[in-house]
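Asker: make a model of this:
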Amino acid sequence: MNRREFLQATVAAAVAARSSSLGAAQGANDRIRVGVIGCGNRGNQVATDWMKHKDSVFTAACDVAADRLEKTAARLGATQSNKVDEYEDYRRILDRKDVDAVLIATPDHWHSPMLIDAVAAGKDVYLEKPISNGIEAAIRMLDAWRNSDRIVQVGLQQRSWHHFQEAAKLFQEGYIGRSVNHCQMCPPGGGFVAPAQQQLQTPQPPPPGFNWEMFQGPAKRKPFVPARRNWRGWYDYGGGNLVDWGVHLTDVMNWYMRTDTQAPLLTSASAQYVRIPRDPERVPDTYSVTWQYENFVATLSNAVVPGQEDDPRALYGNYFFGDRGVLLVNRIGYEVKPYRPARGGGAISPSTPPPPPPIEAKKFRDPSGMSEVADSSFGSATHRHVRNFLDSVRSRQKPICDLEIGFNSTLPCLLAIVSVKEGRTVRWNGRTAQTT
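Answerer: All right, here's what the predicted structure looks like:
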C-alpha cells in the first residue's frame, strides 16, 4: 500500500467510525454537542428552534459583545439545564473535543475563516447565509470543504418550508409550462433601510465589553463608529440588502430551475444611493440586477408594488414566467395566475399544434406567514432545516442545502456587487469575476 492509498484508507476508516458513532446516537447521553458562534438576533433565533431537538445540546457560546454572550449562554443553559461555557475567541470552541458541530451566525465577513477553521478541526457546520461577502473568500471555503469529510448545511431554510416545497413540485412537474424564460425577484418591502439608521457617526472608542478588533477580524481596520455595528450595509462586513435578501431569492430560483450547480454567464447591475447618503464604503440602497443563464434570464430589483390583499407584502418574492402562466412564491404563500387564451384573429395552419388546455388558478396562504411560528400547523422551516442537518450529521448523508448549493446561490449576488462597484458587466470564468 502506497502513501496515498494509506491516507485514503485512514480517512475512510475515520469517517466510518464517526458515522457509526453518530448513527448509533439515540439516547439522551449521546447527543450532538454544539457550539454557537455569534449570539446576535439570528444566532438566537436559530438556537431557539435548535433546542427543540432533544438529541442535541449547546455546550459553548462565542461572541465579541460580552453582554450578548452572557445573556445567550445563560438562556441556553437554563433552557437545557446544563452549563454553556462562554468564549470571546471562537477558536477556543474549535479546540474542544466535546464539540461535534458549530452554528455560525456571525457577520458575513467572518464566515469564511470560521468555516475553514471549523472543518479543519473536524467540526460539522450549520452556516448562516450568505456563505461570504467576497468571492475569493467563498472559493476558499468551497475548496476547504471539498477537501474535508464534514457536513455543512447553509441556512437557506426556505428549502425546508412546506409550501415552498409544494410549489416546487408543482413548478417542476410543468404546471405553468415547460418553457420558463424569465425569473423575476424582489425582496419584501423593497428592501429599503430607514435613512436615520444609515447616518454616519463620529469615530469614538468602542463601548466597554465590545471587542472591536475581534469584530473586524479579516476585514480592513477602520475606526469604530456605532453605525458599523449595523454591519449588513457595509462592504467590509456584508453585502447590503442585495446580498442579504437576494441570496434567499436566488436560492429559490436555483432550486426551482434546477441550476444548483450552475453560475450565471453574465451579470449586469445598476445601483444608486437614493435614501441613504452617498458613501463608497456602503452598499447602495436602490438596485437592479440582470443575470443571463444558459436557458433563461433573471432579474432582481428592490422595486416592488405593495400587496392589496391580506398582507401588504404579498407581492414580493420569486416570479417564474412560464408559457402557460406565472408562479409567485414567497414566505406568505404561493399563487399561480394562468395566461388568458389568445383571441382568434387569423388563419391557423393545419400543421400548427393545438394550444395546450388552460390551467387553473391556484392560491395558498400559510397561516403562520413570514414569522415561521413553530407551534403552527405548518411548523418552523428553520426547525426542520436544523433537523435535516442533525440527521445528516448522524447519517453522513448530504443535507438539503450543502455548501456547494449555498455557494451557487450566493455567487450571483456577489457578482452583482462586483458589477455595481466596477460599473460594468461581469463574466464568471469558474474561479474569478472578469469585467467585460
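Asker: any idea of the pLDDT on R343?
Answerer: As predicted, R343 sits at a pLDDT of 59.
Asker: ditto for P205
Answerer: We have a pLDDT of 95 for P205.
Asker: show me what contacts it?
Answerer: By CB atoms under 8 Å, 6 or more residues apart in numbering, P205 lies in contact with F224. From N, CA and C alone the C-beta is placed, and that goes for glycine too.
Asker: could you look up the SS state of it?
Answerer: coil (DSSP: H, G, I helix; E, B strand; the rest coil).
Asker: can you report phi and psi for it?
Answerer: With angles defined as degrees, to the nearest 10, P205 sits at phi -60, psi 140.
Asker: so after whichever strand or helix holds A74, what's the next helix or strand?
Answerer: If you go by DSSP states H and E, A74 is part of helix 66-80. Under the assignment DSSP H and E, the closest C-terminal helix or strand after helix 66-80 is strand 85-87.
Asker: who's in contact with that next one?
Answerer: T59, A60, A61, C62, L69, E70, A73, I93.
Asker: checking the second one next. Helix, strand or coil?
Answerer: Spelled out, that is A60. Under three-state DSSP, the three-state class of A60 is strand.
Asker: surely it touches A101?
Answerer: No. Checked against CB atoms under 8 Å, the pair A60 and A101 is beyond contact range at 11.2 Å.
Asker: now the common contact residues for these two.
Answerer: With CB under 8 Å, 6+ apart, A60 and A101 have common neighbours G35.
Asker: quick one: residues contacting the closest residue to P218 other than its chain neighbours.
Answerer: Distances taken as CB to CB, 6 or more residues apart in numbering place P113 nearest to P218, at 5.6 Å, with adjacent residues excluded. Counting by CB under 8 Å, 6+ apart, P113 makes contact with A137, G217, P218.
Asker: which of the residues you listed count as buried?
Answerer: Neighbour-count burial (16 or more other CB atoms under 10 Å) applied to the contacts of P113 gives A137, G217.
Asker: still on that earlier bit, any chance of TSV for the contacts of strand 85-87, columns distance to V125?
Answerer: Shown next, in TSV, are those (distance: CB to CB, whole Å):
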residue	distance to V125
T59	16
A60	14
A61	16
C62	14
L69	20
E70	24
A73	20
I93	12
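Asker: what's next to the helix holding A74, contact-wise?
Answerer: The contact list for helix 66-80 (CB under 8 Å, 6+ apart) reads 36, 39-40, 43-44, 47, 51, 57-58, 61-63, 83-88, 209-210.
Asker: now with 6 Å?
Answerer: Around helix 66-80, the neighbours that count as contacts under CB atoms under 6 Å, 6 or more residues apart in numbering are C39, M51, V57, F58, A61, D63, K83, V84, E86, G209.
Asker: and what of stretch 313-327?
Answerer: For stretch 313-327, contacts defined as CB under 6 Å, 6+ apart pick out 171, 176-177, 179-180, 182-186, 188, 249, 252, 304-305, 307, 328-330, 332, 336-339, 359.
Asker: picking up where we left off before, and which of the contacts of strand 85-87 is nearest to R394?
Answerer: Of all the contacts of strand 85-87, R394 sits closest to T59, with 17.5 Å by CB to CB.
Asker: just confirm the closest one contacts R31, I think it does.
Answerer: No. The pair T59 / R31 is not scored as a contact, 9.4 Å apart, by CB atoms under 6 Å.
Asker: how many residues are close by G430?
Answerer: Around G430 there are 6 other residues, counting by other CB atoms under 10 Å.
Asker: what helix or strand is it located in?
Answerer: Using DSSP H and E, G430 sits within no helix or strand.
Asker: where does it land on pLDDT?
Answerer: On pLDDT, G430 comes in at 85.
Asker: gap between it and G379?
Answerer: 39 Å (CB to CB, to the nearest Å).
Asker: one more: Y287?
Answerer: 34 Å.
Asker: circling back: in the one helix or strand the residue nearest to P218 maps to, what's buried?
Answerer: If you go by DSSP H and E, P113 is part of helix 111-120. Residues of helix 111-120 classed as buried: H111, S112, P113, M114, L115, I116, D117, A118, V119 (neighbour count, 16+ other CB under 10 Å).
Asker: same thing with stretch 358-373?
Answerer: Neighbour counts over stretch 358-373 (16+ other CB under 10 Å) mark I359, K362, D366, S368, G369, E372 as buried.
Asker: before we move on, what about stretch 42-54?
Answerer: For stretch 42-54, burial by neighbour count (16+ other CB under 10 Å) applies to R42, G43, N44, V46, A47, T48, D49, W50, M51, H53.
Asker: farthest-separated two in these?
Answerer: Taking CB to CB, no two of these sit farther apart than R42 and H53, at 17.8 Å.
Asker: any weak-confidence spans in the stretch 1-150 of the chain?
Answerer: Applying pLDDT under 70 to the stretch 1-150 of the chain flags residues 1-29.
Asker: go with 90
Answerer: 1-30, 81 (pLDDT under 90).
Asker: that one: strands as residue ranges?
Answerer: Assigned by DSSP state E, counting those that start in this stretch, the strands in the stretch 1-150 of the chain fall at 32-37, 56-62, 85-87, 101-104, 124-127.
Asker: of those strands, which stretch is the most buried?
Answerer: strand 124-127 (a mean of 26; mean count of other CB atoms under 10 Å).
Asker: give the other helices and strands that it contacts.
Answerer: strand 101-104, helix 111-120, strand 152-154 (3 or more CB pairs under 6 Å, 6 or more residues apart in numbering; DSSP states H and E).
Asker: great, nothing more from me.
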